[in-house]
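J.: Quick one: sequence and predicted model below, then my questions.
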Amino acid sequence: MKFIHSADWQLGARFSQFGEKGAVLREARLTTLQRTLDHARDQSVDAFLIAGDLFEDNQVGDDLVRRVVELFSSHSSLPIFLLPGNHDPFTGPDCVWQRAAFARAGANVRVLREAEVVDLGGAFLVASPLHQKKSTIDPSLKLAGLAKDLPRDAIKIGMTHGALAIEGKHQPNDFPIALNAASRAGLDYLAIGHWHGWLADLDDGRIVMPGTPEPEAFHHEQCGLVAAVEIVAHGSAPRVSALPVATLKWREFALDLLTPDASRAAVQQQIGELTPASSVVRVRLTGSSSPAVIAQTRSWLEGSLQPFLASQIADGSTIALSEMELRDLEGRHPILTQVLADIEQLETLATGRSAGAHPNGASPLSLTDARAILDKAKIDIAELTPEHFSLTRQVLLQVLQEAAS
């Protein structure tokens, strides 16, 4: 029995942090899906499994659903099995699995809306889909009951969706799956989805989490893969290979303003090694420097990152004004001086770090006053990050530059 096990495609993800470039990132996921289906067809696999979260949610557009179903249907020789996950649970008439496109899907496309057994011809697929977004119940518990009456020597493949019940790594209401779920149900393999990084070698190699086939965040590791699986006979260890399929690479670099020349040269070399048309890049600005150096560095970065498919500058830098600059600021712009002091004090209260640019003539903002200001603006101090304060300082710099001109 040969099959491809994938999960967590999350087609229709918004990528709102990239603005209009989000559409390009959404399209890349469809490109990856088509290429993976083509590979499965060319390898003559017996089944293509998607263990939950094919879609970002149940609110994705009809056009996307139609395109995906047409893509599946065009691979008519490839049996495709779709399991609702926690992002796209089967919740009834209004969920994505009840859209008109699925009613017109090819005979090779099957949505597993309820817990059931599917005869694959020489093997059995035992499925337990999700019907809600959160639960404390292990969804793999249903698999044992479904599998117990199947022929003892038949290959049995389970499929469900949820978090592996690894202590300290899962939430109690996140569909915790027992680490012996496959052997407990007498399965030769348990295909699961939920977490976005590759995880295998559990339950004697019978439980595999392939992760997302297309990266969607800079911090995800070991993603961009699907599992190519072969099971020779019931009771034999599955042969599992991690198959790279991703279209895009997500890379993050740091530029330290404490050593601007050397750090800039390093970033320039690093991004120069990437292919702009297939790379998503984020550069983190750290350290402190003068307003002129920060502005110059941002300008250089914006130009350098412009060719890339999508990019971000995460500015965690802080303004370092000299004593002379601070005194000049106090004399020419007393109101902006106080604003700068308030920004620094807010950052200290919210994040515990100080920007180190506190004007001598400004009075510090008290915690009571800070909370009153934030409450009026309906802002939770706990949600403020260094990036918020960096952006605020950038706005202040622009005001100062306009005032100077």
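T.: Yep, it's here. Numbering: from 1, shown residues only.
J.: How many neighbouring residues does the residue lying closest to T36 once chain neighbours are set aside have?
T.: Sequence neighbours aside, V245 is the residue nearest to T36 in space, at 4.8 Å (criterion: C-beta to C-beta, 6 or more residues apart in numbering). All C-beta spots, glycine's among them, are computed from the backbone N, C-alpha and C. Taking other C-beta atoms under 10 Å as the neighbour definition, V245 ends up with a count of 18.
J.: The one 10 residues further on now?
T.: The burial metric for L255, expressed as a neighbour count using other C-beta under 10 Å, is 26.
J.: still on that earlier bit, and the residue nearest to T36, what pLDDT?
T.: The confidence metric pLDDT takes the value 98 at V245.
J.: repeat for R29
T.: Per-residue confidence for R29 comes out at a pLDDT of 98.
J.: So it belongs to a helix, correct?
T.: Yes - R29 forms part of a helix when assessed by DSSP: H, G, I helix; E, B strand; the rest coil.
J.: Could you pull up the residues touching it?
T.: For R29, the set of contacting residues under the criterion of C-beta atoms under 8 Å, 6 or more residues apart in numbering consists of 9-11, 13, 213-214, 247.
J.: again, only this time at 10 Å
T.: With contact taken as C-beta atoms under 10 Å, 6 or more residues apart in numbering, R29 is in contact with 9-13, 15, 56, 212-216, 246-248.
J.: buried subset of those residues?
T.: Among the contacts of R29, those scoring as buried are 9-13, 15, 56, 212-216, 246-248 (criterion: 16 or more other C-beta atoms under 10 Å).
J.: quick check, R264 in a helix?
T.: Yes - remark: R264 belongs to a helix, assigned using three-state DSSP.
J.: Specify the local secondary structure of the residue lying closest to it once chain neighbours are set aside.
T.: Closest residue to R264 apart from its sequence neighbours, by C-beta to C-beta, 6+ apart: L255 at 6.2 Å. The three-state label given to L255 by three-state DSSP is strand.
J.: I figured L255 was touching R284, is that so?
T.: Yes - using C-beta atoms under 10 Å, L255 and R284 qualify as a contacting pair, with a distance of 7.0 Å.
J.: what residues are shared contacts of those two?
T.: Overlap between the neighbourhoods of L255 and R284 consists of 267, 313, 315, 317, taking contacts as C-beta under 10 Å, 6+ apart.
J.: Contacts only, for the third one.
T.: So that's D315. When contacts are counted by C-beta under 10 Å, 6+ apart, D315 touches 255, 257, 283-286, 294, 297-298, 301, 386-387, 389-391, 393-394.
J.: secondary structure class for the closest residue to S317 other than its chain neighbours?
T.: Take S317 and drop its neighbours on the chain: the residue closest to it by C-beta to C-beta, 6+ apart is L285, 4.3 Å away. Under the three-state scheme (three-state DSSP), the conformation of L285 reads as strand.
J.: who's in contact with L285?
T.: Contact partners of L285, counting by C-beta under 10 Å, 6+ apart, are 254-257, 260, 263, 294, 297-298, 301, 313-318, 387, 390.
J.: When you filter those down to buried only, what's left?
T.: Among the contacts of L285, those scoring as buried are 254-257, 260, 263, 294, 297-298, 301, 313-318, 390 (criterion: 16+ other C-beta under 10 Å).
J.: hmm, back to that, in strands, which of the contacts of L285 fall?
T.: Of the contacts of L285, the ones assigned to strands by DSSP state E are 254-256, 313-315, 318.
J.: from those, which single one is nearest G158?
T.: G158 lies nearest to A314 out of the ones in strands among the contacts of L285, by C-beta to C-beta, at 40.7 Å.
J.: Look up how far E221 lies from that closest one.
T.: Using C-beta to C-beta, to the nearest Å, we find A314 at a distance of 18 Å from E221.
J.: contacting residues for V283?
T.: Contacts here follow C-beta under 10 Å, 6+ apart; on that basis V283 touches 251-255, 267, 270-271, 297-298, 301, 304-305, 311-315.
J.: Pull the number of nearby residues for the residue lying closest to it once chain neighbours are set aside.
T.: The shortest distance from V283 to any non-neighbouring residue, by C-beta to C-beta, 6+ apart, is to F253 (5.2 Å). The burial metric for F253, expressed as a neighbour count using other C-beta under 10 Å, is 17.
J.: Could you do S366 as well?
T.: Neighbour tally, S366, other C-beta under 10 Å: 11.
J.: ok, now which ones touch it?
T.: Here S366 is in contact with 345, 349, 372 (criterion: C-beta under 10 Å, 6+ apart).
J.: swap in K142?
T.: 114-116, 126-129, 158, 160, 185.
J.: quick one, helices of the stretch 301-405 of the chain?
T.: Applying DSSP state H, counting those that start in this stretch to the stretch 301-405 of the chain gives helices spanning 323-332, 334-351, 367-376, 386-404.
J.: Could you identify which of those helices is most buried?
T.: Using mean count of other C-beta atoms under 10 Å, the stretch among the helices of the stretch 301-405 of the chain with the greatest mean number of neighbours is helix 334-351 (a mean of 19).
J.: Report the inter-axis angle for it versus helix 367-376.
T.: Using axes from the mean of the first three to the mean of the last three C-alpha atoms, to 10 degrees, the inter-axis angle of helix 334-351 relative to helix 367-376 is 90 degrees.
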